[in-house]
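**Student:** Got a predicted structure here, sequence first:
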Amino acid sequence: MAEGGAIPDVSQAAVTGRGAPPRAARRAGLLVTLVLGGLTATPPLAMDMYLPSLPEVTDALHAPATTVQLTLTACLAGMALGQLLVGPMSDRWGRRRPLLAGLAVYVVATALCALAPTVELLVAFRLAQGLAGAAGIVIARAMVRDLYDGVAMARFFSTLMLISGVAPVVAPLIGGQILRVTDWRGVFVVLTAVGIALTGVVAARLPETLPPAERHSGGVGEALRSMRRLLADPPFTGYLLTGGFAFAALFAYIAASPFVIQEIYGASPQTFSLLFGVNSVGLVVVGQINGKVLVGRVRLDRVLAAGLVVVTLAATALLLMATGVFGEVGLVPVSAALFVLMSAMGVTLPNAQSLALLRVRHSAGSASALLGTTSFAIGAVASPLVGVAGEDTAVPMAVVQLVAAMVALAFFVGMCRPWKDTGAAAEGPAKELSGLSARTTPEVGEDS
C-alpha cells in the first residue's frame, strides 16, 4: 500500500504490491474493477433471476405460494447474516481465502437448489446460497477500502452503484429468457455456471489486498470488540444508520411498487416493468454524476444531505397524493415522485457508505459487514410494513418511505453533525470529502 494505507488512484499505485509499474497497476486495476463488479452483481442475480419462475416452482414442488416465498426470505436473511460472519473473517485471514471459500460454498448451494426435490430443502439451500453469496458483497466493499481512499474510493462506490442498480433490472429479464428454453431448475444451473466462472477468475487473477501486517490476529472475541469500537464512534454509527434507513425507503419501493403501480393505478405488467427500468436508470445516472462530477468538487456530507432532503420531499409528495390531498391523481405524478426518490438514492447510498468507511482502515471487513447487515436488516423489517393496509392503498408505502427518510436525516444531523467543520486541521481527501480531520478522526476499530 501507499504510505498511510491509501492508494488514491489505482493507475498511480500498484494493486498487488508497492513496486509494480503504473502500466501493470492499470491492468490490475481494470481487472479488480470487473471482478468486484461481478461479486457485487452476483447476489442480486441470485435473488432476482429466480423471480419469474416462482409460479412454476409452486406447481412443480406442489407447495403453497407462501412457502415458496420463503425461498426469497431465506436467501435475503442469509445475505444479511453472512455479511456479519464473513466480514470479520476477512480482517483476520485476508480477503482471498474467505472470498474463495464463500464462492465455493455458493456454487455448491446453487447446484443443490437446482436439484432440490422438495420446497423445504429448496428453502434450506437458498439460505446457504445467501450466506455464501454474502462473501462477495462484504469483501468487495472491504477490498475497495483496502485499495482506495478519499475521492477515488467515493468514485469507485458510485461505479459499484451502477452495477448494483443494473443487476436487479436485467436479472428478471434474463430469468424470463432462460425459462423460454428450460424450467426453473435451469435458472439455478445458469447461476451455478456463473459462480464457477467467477470463482475461477478470483482464484487465478484477483490479488490479495490486505497485507498480513494489517490483519487482526484475534478470534471471534476480537471481531466483536472491533465491531463494538466501530459502533462506539458516533459519526460511523450515524452514517451506518443513515444509509440503513435510506435503504429501507428503497426496499419499501421494491416491495410495494408492483401493487401500487398495477393494482391501484391500473398499469399493465409491461408498463410497470418499463417504469421500474426507468427508475433504475435514474438511480444509475445520478450515481454516475455523483462519482464523475460531484466527488472531489463538493464535500460528500453536503451531497448526502441534499440527497436525503430530496428523498424526504419525494416521500412527502407521495404521501400527500396517496391520502388525496391533491384530489384524484393519475399514474404520471406518482411515477414522477417515485423517479425522483429512486434517483436521489444514487447520491444517498454510495456517499453514506463512503463516509462511514472513511472512518476506518484496519477493520474494513468488520465495518463493511456492519454496513451490509444493517441495511439488509432494516430493509427486511420495513418491507412487510408496506402491505399492512392491504393492496388497495399506497399510503403504507409512502408512510414507510417518509418515516425512513426522516429517521435517516435525523441520524445524519444528530450523530454525523455535518455542519461541524473541523477542516482547519484537515488535510487531503478527508478534508475534501467530509471535513474530517486527522486530529478529530480516530482510526476506529483498531486495537487500543
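**Tutor:** Done, it's in. Residues are numbered from 1 along each chain as shown.
**Student:** the bottom helix or strand of this protein by mean pLDDT?
**Tutor:** Least confident helix or strand of the chain, by mean pLDDT, DSSP states H and E, is helix 428-434 with a mean of 45.
**Student:** Next, the buried residues of stretch 30-46.
**Tutor:** The neighbour-count check on stretch 30-46 (16 or more other C-beta atoms under 10 Å) flags 32-33, 35-46 as buried. (Glycine included, C-beta is placed from N, CA and C.)
**Student:** what does stretch 230-250 give?
**Tutor:** By 16+ other C-beta under 10 Å, the buried positions in stretch 230-250 come out as 230, 233, 235-250.
**Student:** returning to that earlier point: need the buried residues of stretch 30-46 in JSON lines (columns: secondary structure).
**Tutor:** Converted to JSON lines, the buried residues of stretch 30-46 look like this (DSSP: H, G, I helix; E, B strand; the rest coil):
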{"residue": "32", "secondary structure": "helix"}
{"residue": "33", "secondary structure": "helix"}
{"residue": "35", "secondary structure": "helix"}
{"residue": "36", "secondary structure": "helix"}
{"residue": "37", "secondary structure": "helix"}
{"residue": "38", "secondary structure": "helix"}
{"residue": "39", "secondary structure": "helix"}
{"residue": "40", "secondary structure": "helix"}
{"residue": "41", "secondary structure": "helix"}
{"residue": "42", "secondary structure": "helix"}
{"residue": "43", "secondary structure": "helix"}
{"residue": "44", "secondary structure": "helix"}
{"residue": "45", "secondary structure": "helix"}
{"residue": "46", "secondary structure": "helix"}
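**Student:** from these, which is closest to residue 257?
**Tutor:** Closest approach to residue 257 among the buried residues of stretch 30-46 (C-beta to C-beta): residue 44, at 16.5 Å.
**Student:** And the residue nearest to that closest one when sequence neighbours are not counted, how far from residue 415?
**Tutor:** Counting by C-beta to C-beta, 6 or more residues apart in numbering, residue 167 is the residue found nearest to residue 44 once chain neighbours are left out, at 4.0 Å. Residue 167 sits 31 Å away from residue 415, going by C-beta to C-beta, to the nearest Å.
**Student:** Point out the other helices and strands that the strand or helix carrying residue 123 packs with.
**Tutor:** Secondary structure from DSSP states H and E places residue 123 in helix 119-147. Helices and strands touching helix 119-147, by 3 or more C-beta pairs under 8 Å, 6 or more residues apart in numbering; DSSP states H and E, are helix 22-48, helix 65-93, helix 96-115, helix 150-179, helix 331-357, helix 364-385.
**Student:** Which parts of the stretch 151-300 of the chain are helices?
**Tutor:** Taking DSSP state H, counting those that start in this stretch to define them, one finds helices in the stretch 151-300 of the chain at 184-205, 220-231, 234-259, 269-289, 300-322.
**Student:** May I see the helices and strands packed on helix 119-147 organised as JSON lines, with mean pLDDT and distance to residue 292 added?
**Tutor:** Converted to JSON lines, these look like this (pLDDT from 0 to 100; distance: least, C-beta to C-beta, whole Å):
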{"stretch": "helix 22-48", "mean pLDDT": "70", "distance to residue 292": "14"}
{"stretch": "helix 65-93", "mean pLDDT": "83", "distance to residue 292": "28"}
{"stretch": "helix 96-115", "mean pLDDT": "95", "distance to residue 292": "28"}
{"stretch": "helix 150-179", "mean pLDDT": "75", "distance to residue 292": "7"}
{"stretch": "helix 331-357", "mean pLDDT": "91", "distance to residue 292": "12"}
{"stretch": "helix 364-385", "mean pLDDT": "81", "distance to residue 292": "23"}
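**Student:** what's the closest of these to residue 258?
**Tutor:** For the helices and strands packed on helix 119-147, distance to residue 258 was read as C-beta to C-beta. The smallest value, 11.2 Å, belongs to helix 150-179.
**Student:** and the closest one, how far from the chain's centre?
**Tutor:** Chain-centre distance of helix 150-179: 10 Å, with C-alpha atoms, centre = their mean, to the nearest Å.
**Student:** can you pull the buried residues of it?
**Tutor:** Counting neighbours by 16+ other C-beta under 10 Å, one finds that the buried residues in helix 150-179 are 150-172, 174-175, 178-179.
**Student:** re the thing from before, highest mean neighbour count out of the helices of the stretch 151-300 of the chain?
**Tutor:** Most buried of the helices of the stretch 151-300 of the chain by mean neighbour count (mean count of other C-beta atoms under 10 Å) is helix 234-259; its value is a mean of 24.
**Student:** For residue 141, which residues are in contact?
**Tutor:** Neighbouring residues of residue 141 by C-beta atoms under 8 Å, 6 or more residues apart in numbering: 160, 353, 357, 364, 368, 371, 372.
**Student:** Look up how far residue 134 lies from it.
**Tutor:** Per C-beta to C-beta, residue 141 is found 11 Å from residue 134.
**Student:** Residues that sit against both of those two, list them.
**Tutor:** residue 372.
**Student:** closest one to residue 56 among the helices of the stretch 151-300 of the chain?
**Tutor:** Evaluated over the helices of the stretch 151-300 of the chain, closeness to residue 56 peaks at helix 184-205, with 4.8 Å, by C-beta to C-beta.
**Student:** helices or strands next to the closest one in the packing?
**Tutor:** When contacts are defined as 3+ C-beta pairs under 8 Å, 6+ apart, helix 184-205 sits against helix 22-48, helix 54-60, helix 96-115, helix 150-179.
**Student:** OK, contacts around the closest residue to residue 183 other than its chain neighbours?
**Tutor:** Using C-beta to C-beta, 6+ apart and skipping residues adjacent in sequence, the residue nearest residue 183 is residue 56, 6.4 Å away. By C-beta under 8 Å, 6+ apart, residue 56 lies in contact with 179, 183, 184.
**Student:** got those residues as TSV, with distance to residue 208 columns?
**Tutor:** TSV is the format used below for the contacts of residue 56 (distance: C-beta to C-beta, whole Å):
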residue	distance to residue 208
179	39
183	40
184	38
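**Student:** what sits against the closest residue to residue 89 other than its chain neighbours?
**Tutor:** Leaving out its chain neighbours, the residue that sits closest to residue 89 by C-beta to C-beta, 6+ apart is residue 98, at 4.5 Å. Contact analysis of residue 98 by C-beta under 8 Å, 6+ apart lists 86, 89, 90, 135, 139.
**Student:** Can I get those residues in TSV including neighbour count and distance to residue 401?
**Tutor:** Converted to TSV, these look like this (neighbours: other C-beta atoms under 10 Å; distance: C-beta to C-beta, whole Å):
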residue	neighbour count	distance to residue 401
86	27	30
89	23	35
90	29	33
135	30	31
139	34	31
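**Student:** quick check, nearest of those to residue 376?
**Tutor:** Closest to residue 376, out of all of those and judged by C-beta to C-beta, is residue 86, at 13.3 Å.
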